[in-house]
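>>> Below is the sequence, then the predicted model.
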Amino acid sequence: MPYLGGEEALRELRRALSNPHVQADPVRYRAAVLRVIRLMAQGADVSGVFPEMVKAGAVPDVVQKKLVSLYVRAQAPRQPQLALLAVNSLRKDCAHPSPAVRGLALRTMCGLRMPGIQEYLQQPLVNGLRDKASYVRRAAVLGCAKMVKLQGDCEVDGALVNELYSLLRDQDPIVVVNCLRALEEILKKEGGVVINKPIAHHLLNRMPDLDQWGQSEVLTFLLRYKPRSEEELFDILNLLDGYLKSSSPSVVMAATKLFLVLAREYPDVQADVLVRVKGPLLSACTSESRELCFTALCHVRQILGSLPGHFSSHYKKFFCSYSEPHYIKCLKMEVLCELVNDENVQQVLEELKGYCTDVLVELAQGAIFAIGNIARTYTEQCVGILTELLGLQQEHITSAVVRAFRDLAWLCPQCTDAVCQALPGCEDTIQDSEGKQALIWLLGTHGEKVPNAPYVLEDFVENVKSEMFPAVKMELLTALLRLFLSRPAECQDMLGRLLYYCIEEEMDMAVRDRGLFYYRLLQAGVEEVKRVLCSPKSDPSLGLLGNQTKQPVNAWAWEFNTLIPVYGRERWALATAHQPVEPSYSGPPCTDSRSRDTESLISEGNKEVLKVQPSTGSLSLIPDASLTAEQFEKTWLSLDTSCHLSLPWCGPVPPDTIQTALHVVHIQTIAMSKAGAQPWKAYLSAQDDTGCIFLTELLLQAADSELQVSVKQSEAKPEALQSFISALRTVLEAVAGLGS
Amino acid sequence: MIGGLFIYNHKGEVLISRVYRDDIGNRRNAVDAFRVNVIHARQQVRSPVTNIARTSFFHVKRSNIWLAAVTKQNVNAAMVFEFLYKMCDVMTAYFGKISEENIKNNFVLIYELLDEILDFGYPQNSETGALKTFITQQGIKSQHQTKEEQSQITSQVTGQIGWRREGIKYRRNELFLDVLESVNLLMSPQGQVLSAHVSGRVVMKSYLSGMPECKFGMNDKIVIEKQGKGTADETGKSELGSGKQSIAIDDCTFHQCVRLSKFDSERSISFIPPDGEFELMRYRTTKDIILPFRVIPLVREVGRTKLEVKVVIKSNFKPSLLAQKIEVRIPTPLNTSGVQVICMKGKAKYKASENAIVWKIKRMAGMKESQISAEIELLPTNDKKKWARPPISMNFEVPFAPSGLKVRYLKVFEPKLNYSDHDVIKWVRYIGRSGIYETRC
C-alpha cells in the first residue's frame, strides 16, 4: 500500500535508527522505533528499515522489543530472506533470563508467516514447553498449534501431542486451557482432543482455579465426555452445580448447555436445570449491557420454544423500556408473544398496545403482528384491540392491522365476522403493496360478508392504471373474480373493465397472463371457474401446525450457547451453506451417527451405546431422531403411502398420552391436533438405525369409530415396515385400551 | 475463538486492527465489510451480531467508538461480548475513557494489551492487576527489569491465585467499600409500578498487606433468618429488631476470588481480595424497593395548539438525607413552538434540540415535594399522527441503597503478618443512582 508518501520520512528514520548516538540513548531510540510503527499503522510501506528494526530488537528494553516484534510479524511474509535475521536474534531471546522476554520471543517466532520457519521453531518450542515460568509455557503451547497450522498437511508429531497431553496436568490454569485449545486444533482431523475419564475428572477438579474464559471453554470441551454410569453423571452434575450461578453469563450458558446435553436421557433433570438458570438468565435479560441482554433474550426465546410457560410469571421483565435499542425491543415482543397465558394476557396485550403507536414504523408494525399472533389463541380481545387501532387512521398501522387480519381469517375462521365488520374505511388509509394485497384478498374471499365490498374493489379497478405494484393487480384480478362468483350482479361490469385493461393495456407480463387465463376460464363456464377458484377460505389446521412445534429440549440442546439461537436456525443454515463442515467442538449438530462415531473413537471398551429395543423384533428405532415440521412436510409430499390400515377406536383421543406412549418407543410426534378437535389429526416420524425414515399420519374423522393410519417409508423395506407397523399398532391399542 | 479485533471511530475509520487468525481472510475486506454494512448502514443497528459473507461480527459501542470482534467459527456469543466488555474495562483502567483521542494516543499500548489478553484468538489473562506486571506502561519505566520484578512475574504466574501477587506491603492497611446501586422503574400514569428492580454492585478498593482473608456480611434475609433460628431465645427479638431490615436478594454473583462453595453451604462470603479496586459482587433485588422519587404527571391538551403539563415530584426517604443531581426530563411534542415554565425549585429550561423540558434541582431533602408547570404551545400541523408521549425520565443520586442493603461487617484476617482486623481502616459508602427511571404520562 504505497501511499501517504512516506519515502522521505522513512529515509530519515533509517538514518536515525542507525545513528550510534540515538542507539546509545534508550529514550530516543524507542521514539524512533515508535515512529516506524506509527507509519506502518497508517499504511505506509516501511519494509525498507527491516535490518535496522531487527537490530533495534536486540536491546534490553522490553517495550522496544514488543514494538519490534509487532513490526517483524507484519513485515516477515514480504521479506522471508531478511526475516531469517530476526529469527536469529529471537532464538537468542528465547534463552533470555526474563520470562517476559522469552515468552515474547516465542510468540513472535510463531507469528512469522514464512516458509521453512518450522525447522527453527521446533527446538525453542520444546524448550518452551518445559520452561519453569508458566508465562512462557502458555505461549509455547499455543505456539505448537500455530506451528502445526503453518505446516499444513504434514504428519503430526506424536511426541509433541503426548507432551501436550501431559501438560494438561500443569500447575498453571491458563496453560491447561491452552493445551486443550492447542490439541483441539492439532488433532482436528482425528476429531479433536480426546476427553477420557481421567482427563475429564482432572479438568473438573481444576475448574475452580480457571478464569471465566477457561471455565467457559472447559465446560464446552466436557460436552464430549460421556459418563460411564448414572452415578458418575450425577456426580459430575453436582460438582458443576455452582457454575449455573456463576457471575459470568458465558459460564452460566456453557454450564447450562453441558447440563442439558449430559442429562439428555433425564427430562426431569433438564427441566430442573432450566428452572435454576431462570434467575441468571433473567438478570442478564435486564442487564445494562445491551449486547449480553440481546444474547440472553435469544436463548430465552429458544427455551420458550420447548417450555412455553417457562417465564410466564416474569412477563413484566420483558416489557420494553423507552430507551432500549430497537433490536432488544423486537426480541422482547417476540418473547412476550410466547409466554402469554390466561393470567397475564390482559397485561401483555395492554403493553403491546402501547407499542403499536410507537414512532418507529417497524416497531409499531411488529407490535401489531405480535398481537395478531396472540389472537390465534385469545381471539376476541385481540381483534378488539386491532379494530380500535384502525381508528387512528395511520397508514402504517392500518396496513399492518389488515395484514394481521388476513392471517387471522385464514387461521381462525371463527373471527371472520368480526374482521369483516372492521374492514370498511380501511381502503383510504392503506398505501403500501402488502397492505393493499391483504385488503383485496379479504374483500375477495369474504366479500359476501362485507356489504360494500364491490364498491371498494371498484375504486381499485378505477385506479388500476396508476397502480404501482403488479402483485396488487394480480390480487385484484383473483379477488374480483371470486367476488363475481358470489355477487355477480354487482361485479360483472367492472370485471369486464378490469379484464379488458389487463389484456389490452397492461405492460407487466404476469398480470396480463393471469388476465388472459381468467378470461379463458370464464369462457369455459361458471362451473369451471368455481371448480378452479373456490378453494377453502381458511385452514385452521395450518395455524395448529405453525403453533404446535413444542420442540423437545434435546432438539436444541446441542445448539444452545452457539450462534444458532442468535441467528435463528434458518439464517445460520444459510450462512454456513456451501461451507465444508468443520469438525469443531461447538458446532456439530446432534446427528446421532456422528456422535456415535466419535464416541467409539474416544472410549474403547465403553460399549454401552444405548440401544433401546422396542417390542419389535429386528427393528431398532433411534431416539431423538426428530425432523422439523418443514422437513417432515417435504418428505411427506415426496413419498407414496406404503401402507394404510384402520384401527378400531372409540371415544376422544388423549393427545398427551399418545405422545408419551409413542415417545417411549422412539416415535416422535411432529404435529397433533388439540384434544377434541374434529377431525383429529397427528403426524409422526421415526427413524431406524439404517437411516430409513417412517412417516405416519393418524386421522380420526368425527363420525368414524376407526382410526385411519397411513404410513410412508423413505426406503422400500417390507420387513422393517411390518415391524414398525406392529410397534405402532401395539402402542395405539394400548392407549385405546386405557381410554375405554 | 476470535479471529480479529477492530476498533473504528464514528466515521468508520479504522483506529486499531489486529488479526489473530488467517481464516478471516483478507484483513482489508473484513474491515471494510463491517464499515459498509453496519457503521454506514442507513437504518438503525439491527443486531449486535452481524453475519457478512459467513463471517460474524460482534460489536459494542462506547461513546462513539465501535469495537468489533470478528470470527468465522460458531462461537459462544455471550463469551465474545463479555470479552469485549472486559477489554473495554482493561483499556479504561489504563488510559481512562475510551475516546478517539485516547485510542490514538495509546495505540502502541493497545497493541501491547491485545497481544497479552488474546493469543491466537484465545482469551488469556485479562485481570487488570495481573496484567500490570506484563505490560510495562508507556513510560520510561523498565530499562532493565530488576531481579525482583522478574521473580514477581514468575511467582505471579505460577501462584495458584491468579488475581493477587505475593509480597504486597502497605504501611497503612485500608479498605473502601462502595455499595453502588442503580434503581430502575417503569411506572404507569396512574402511579402503578409496572416493573422495578435494583441492580447493585459492591465495589471494594483494598490496600492490604500480604494475603488477607476477608469475610463480608450483609443483611441478607436468608442469613438473618438462619441466625435467628440458631439462637432460639433471640428469635422474638430479631424479628422485631432486624427482621424487617433484611432484604431478599433475587440473585447475586461474585468476583472469582469468592469461595462459592462456602457461600452455597453457609451463605458466607469469604475471599482473598485482589489488590486495588475490584467488583466484589453484583446483585439484583425486586422486592421492597425504596423508590426514592415519585413522579406524578398531569398532561392536559387544551385545544389543538396548546398543552398544559404539570409534574410533581415527591422525595420518599428520610428527611435528614439529601438527594443530588436531580434531573427531570419532560418530553415535548415535535411541533412545539414555545414553552413557558414555572417551577418553585431548581431551574427548568426547554431544550428544543432534545425536544424536552429539562428541570434540574441541585439538592433535595427527603419527604419534600416540588412541582413544575409548563404551557406548551404547538404549531398546528396536518399530521394526523398522534404524539406518542414518551415517558418522563428522571436522574438522581441518593446517599443510601434503594434496595435496603446494609453492610454488617467486613472482617480481615492475615495470619502471617502481624496486623489484625482492628488495625484496618475501613470506609463504607452507599450511593443509589437512577438507572432507567421512567414514568409514563
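Cool, the structure landed. Numbers count the residues shown, from 1 in each chain, chains lettered A, B, ... in the order given.
>>> So which elements touch the helix or strand containing A:Leu728?
Using DSSP states H and E, A:Leu728 maps to helix A:718-739. When contacts are defined as 3 or more CB pairs under 8 Å, 6 or more residues apart in numbering or on different chains; DSSP states H and E, helix A:718-739 sits against strand A:641-648, helix A:655-664, strand A:693-700, strand A:706-713. Every residue, glycine included, has its C-beta placed from N, CA and C.
>>> Tell me which residues are up against the second one.
Under the criterion CB atoms under 8 Å, 6 or more residues apart in numbering or on different chains, residues A:614, A:668-669, A:672-675, A:682, A:684, A:728, A:731-732, A:734-735, A:738-739 lie in contact with helix A:655-664.
>>> In chain A, what residue lies closest to chain B?
A:Ser247 (3.1 Å; CB to the nearest CB).
>>> my guess is that residue contacts B:Asp251, does it?
No. In this structure A:Ser247 lies outside contact range of B:Asp251 using CB atoms under 8 Å: 10.1 Å.
>>> show me what contacts residue 269?
Since you didn't name a chain, this refers to chain A. Listed by CB under 8 Å, 6+ apart, the contact partners of A:Val269 are A:237, A:259, A:263.
>>> actually it's chain B I care about, not the one you picked
Neighbouring residues of B:Ile269 by CB under 8 Å, 6+ apart: B:215-217, B:254, B:258, B:262-263, B:280-281.
>>> I'd like to know the beta-bridge partner residues of B:Glu279.
Counting by DSSP bridges, B:Glu279 forms beta bridges with B:Val203.
>>> about what we covered before: comparing the helices and strands packed on helix A:718-739, which comes out most buried?
strand A:693-700 (a mean of 21; mean count of other CB atoms under 10 Å in any protein chain shown).
>>> what's the average pLDDT for the helix holding A:Leu728?
Helix A:718-739 shows a mean pLDDT of 74.
>>> residues of that helix that come out buried?
Using 16 or more other CB atoms under 10 Å in any protein chain shown as the test for burial, helix A:718-739 gives A:720-721, A:723-725, A:727-728, A:731-732, A:735-736.
>>> Kindly report the same for stretch A:16-33.
A:16-17, A:22-23, A:26, A:29-30, A:32-33.
>>> what about that stretch, near chain B?
Yes. Using CB under 8 Å from any CB of the partner chain, we find that stretch A:16-33 touches chain B at A:26-27.
>>> how about the CA coordinates for that stretch, as PDB?
The C-alpha coordinates for stretch A:16-33 follow below in PDB (Å, rounded to 0.1, in the frame of the first residue of the first chain):
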ATOM      1  CA  ALA A  16      18.000   7.900  12.900                       C
ATOM      2  CA  LEU A  17      17.900   4.200  13.700                       C
ATOM      3  CA  SER A  18      21.400   3.600  12.500                       C
ATOM      4  CA  ASN A  19      22.800   6.600  14.200                       C
ATOM      5  CA  PRO A  20      25.000   5.400  17.100                       C
ATOM      6  CA  HIS A  21      24.100   8.400  19.300                       C
ATOM      7  CA  VAL A  22      20.400   7.600  19.000                       C
ATOM      8  CA  GLN A  23      21.200   3.900  19.700                       C
ATOM      9  CA  ALA A  24      23.000   5.000  22.900                       C
ATOM     10  CA  ASP A  25      20.000   6.900  24.200                       C
ATOM     11  CA  PRO A  26      17.200   4.500  25.000                       C
ATOM     12  CA  VAL A  27      14.500   7.100  25.000                       C
ATOM     13  CA  ARG A  28      15.400   8.500  21.600                       C
ATOM     14  CA  TYR A  29      15.900   5.000  20.200                       C
ATOM     15  CA  ARG A  30      12.500   4.000  21.300                       C
ATOM     16  CA  ALA A  31      10.900   7.100  20.000                       C
ATOM     17  CA  ALA A  32      12.400   6.300  16.500                       C
ATOM     18  CA  VAL A  33      11.000   2.800  16.600                       C
END
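>>> Not counting it itself, show me its contacts.
So stretch A:16-33 is contacted by A:13, A:36, A:49, A:52-53, A:55-56, A:59, A:61, A:63-64, A:67-68, A:71, B:140, B:143 (CB under 8 Å, 6+ apart).
>>> Narrow the residues you listed to those that are buried.
Using 16+ other CB under 10 Å, the buried members of the contacts of stretch A:16-33 are A:13, A:36, A:49, A:52-53, A:55-56, A:59, A:61, A:63-64, A:67-68, A:71.
>>> and the residue of the stretch 251-400 of chain B found nearest chain A, what is it in contact with?
Taking CB to the nearest CB, chain A has its nearest neighbour within the stretch 251-400 of chain B at B:Thr253, 3.1 Å off. Contact analysis of B:Thr253 by CB under 8 Å, 6+ apart lists A:245-248, A:280, B:281-283.
>>> Among the residues you listed, which ones are in helices?
Secondary structure assignment by DSSP state H places A:Pro280 of the contacts of B:Thr253 in helices.
>>> Spatially, which pair of the contacts of B:Thr253 is furthest apart? Let me know, please.
Spatial extent of the contacts of B:Thr253 (CB to CB) is set by the pair A:Ser248 and B:Tyr283 at 14.9 Å.
>>> Following the chain onward from the helix or strand of chain A with the lowest mean pLDDT, which element is next?
Scoring the helices and strands of chain A by mean pLDDT, DSSP states H and E places helix A:592-602 at the bottom, with a mean of 36. Sequence-wise, the next helix or strand downstream of helix A:592-602 (DSSP H and E) is helix A:629-638.
>>> Summarise which helices and strands that following helix is packed against.
Judged by 3+ CB pairs under 8 Å, 6+ apart, helix A:629-638 is in contact with strand A:668-672, strand A:680-687, strand A:693-700.
>>> Show me the strands paired with the first one, marking each as parallel or antiparallel.
Put plainly, it is strand A:668-672. By DSSP bridges, strand A:668-672 pairs with strand A:680-687 (antiparallel).
>>> Next, the angle from the strand it pairs with to strand A:706-713.
30 degrees (axes from the mean of the first three to the mean of the last three CA atoms, to 10 degrees).
>>> can you list the residues that contact strand A:680-687?
Taking CB under 8 Å, 6+ apart as the rule, strand A:680-687 contacts A:541, A:621-622, A:625-627, A:632, A:636, A:653, A:655, A:658, A:662, A:666-673, A:693-700, A:724, A:728.
>>> before we move on, the earlier item: format the helices and strands packed on helix A:718-739 as CSV; extra columns: mean pLDDT and distance to B:Arg171.
Rendered in CSV, the data for the helices and strands packed on helix A:718-739 read as follows (pLDDT from 0 to 100; distance: least, CB to CB, whole Å):
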stretch, mean pLDDT, distance to B:Arg171
strand A:641-648, 77, 88
helix A:655-664, 76, 70
strand A:693-700, 82, 77
strand A:706-713, 81, 84
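>>> Now distance to A:Arg514 too, for the ones you listed, in CSV please.
Shown next, in CSV, are the helices and strands packed on helix A:718-739 (distance: least, CB to CB, whole Å):
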stretch, distance to A:Arg514
strand A:641-648, 34
helix A:655-664, 42
strand A:693-700, 34
strand A:706-713, 35
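>>> so where's the stretch 101-250 of chain B shaky on pLDDT?
B:129-130, B:133-162, B:227-244 (pLDDT under 70).
>>> where's the residue of it found nearest chain A relative to B:Arg62, distance?
Minimum separation of the stretch 101-250 of chain B from chain A (CB to the nearest CB) falls at B:Pro123, amounting to 3.8 Å. B:Pro123 sits 19 Å away from B:Arg62, going by CB to CB, to the nearest Å.
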